[in-house]
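Chemist: sequence-free structure coming up:
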Ligand SMILES: C[S@@+](CC[C@H](N)C(=O)[O-])C[C@H]1O[C@@H](n2cnc3c(N)ncnc32)[C@H](O)[C@@H]1O
């Protein structure tokens, strides 16, 4: 997601208590930052943050970290966080560095409407490619758990193969999530595509 430049993005980012700038310093110590031992769930490519913020509001016993690579996008997300939320942080980072940010401390990873990178020569940039799945091995606490939603059938089938090749077992798969089991918390892109009556593909998978 690219947004037109958000004019005061630097000011928003400088002043937000929810943006962690020195995130490499917290590798292996994120629970200390939250001040509790609750499980930590992350979303890579959180966009404007609707999904992760609403999850944090509704699940106070889970800690959330939203990751987004563009300043203008994360500035929009930071502006939406309600006051006094103590189970959410955001970081402006590229997922390529994920194994330098976390060390065996994450309980769940959300990949919501990740960029599809349709050209074959770009497939390794997909957040479910071998390159990223190898890195995710280092971030999970015990069991590895990835949940993905997408409107893109090609990305979805590619991801199912990729997850399976990496030893993930499928807990739940849906080819039309909103007709099978309408989620109570949705993402911005999910709203956009479901309003167009497009199917939302969903998978929840685990690896010991
Ligand atoms: C299509 S948007 C989806 C946003 C949101 N998850 C949703 O479902 O509404 C994908 C987002 O992922 C971000 N993104 C893509 N690649 C990324 C990466 N390697 N690291 C961090 N964020 C990334 C993009 O900047 C964009 O905001």
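Modeler: Okay, I see it. These numbers come from a predicted model, not from an experiment. Numbers count the residues shown, from 1 in each chain.
Chemist: ok, residue 21 to residue 15 distance?
Modeler: Applying C-beta to C-beta, to the nearest Å, the value for residue 21 to residue 15 is 12 Å. Any C-beta I mention is one placed from the backbone N, CA and C, and that applies to glycine too.
Chemist: just residue 158 next, same as before
Modeler: 40 Å.
Chemist: Counting neighbours, go ahead and name the busier of the two.
Modeler: residue 158 (17 against 10; other C-beta atoms under 10 Å).
Chemist: Get me the contact residues on the protein for the ligand.
Modeler: Within the chain, the positions adjacent to the ligand are 1, 44-47, 67-70, 73, 94-96, 112-115, 187-190 by C-beta under 6 Å from any ligand atom.
Chemist: Just the buried ones out of the residues you listed, please.
Modeler: If you count burial by 16 or more other C-beta atoms under 10 Å, the buried members of the residues of the chain next to the ligand come out as 1, 44-47, 67-70, 73, 95, 112-114, 187-190.
Chemist: Other residues contacting the helix or strand encompassing residue 64?
Modeler: Secondary structure assignment for residue 64, by DSSP states H and E: strand 63-68. In this structure, residues lying in contact with strand 63-68 by C-beta atoms under 8 Å, 6 or more residues apart in numbering are 30-31, 34, 36, 38-47, 49, 52-53, 55-56, 74, 77, 87-93, 95, 98.
Chemist: switch the cut-off to 6 Å
Modeler: Identification of contacts with strand 63-68 by C-beta atoms under 6 Å, 6 or more residues apart in numbering yields 34, 38, 40-44, 46, 49, 52, 55-56, 74, 87-91, 93.
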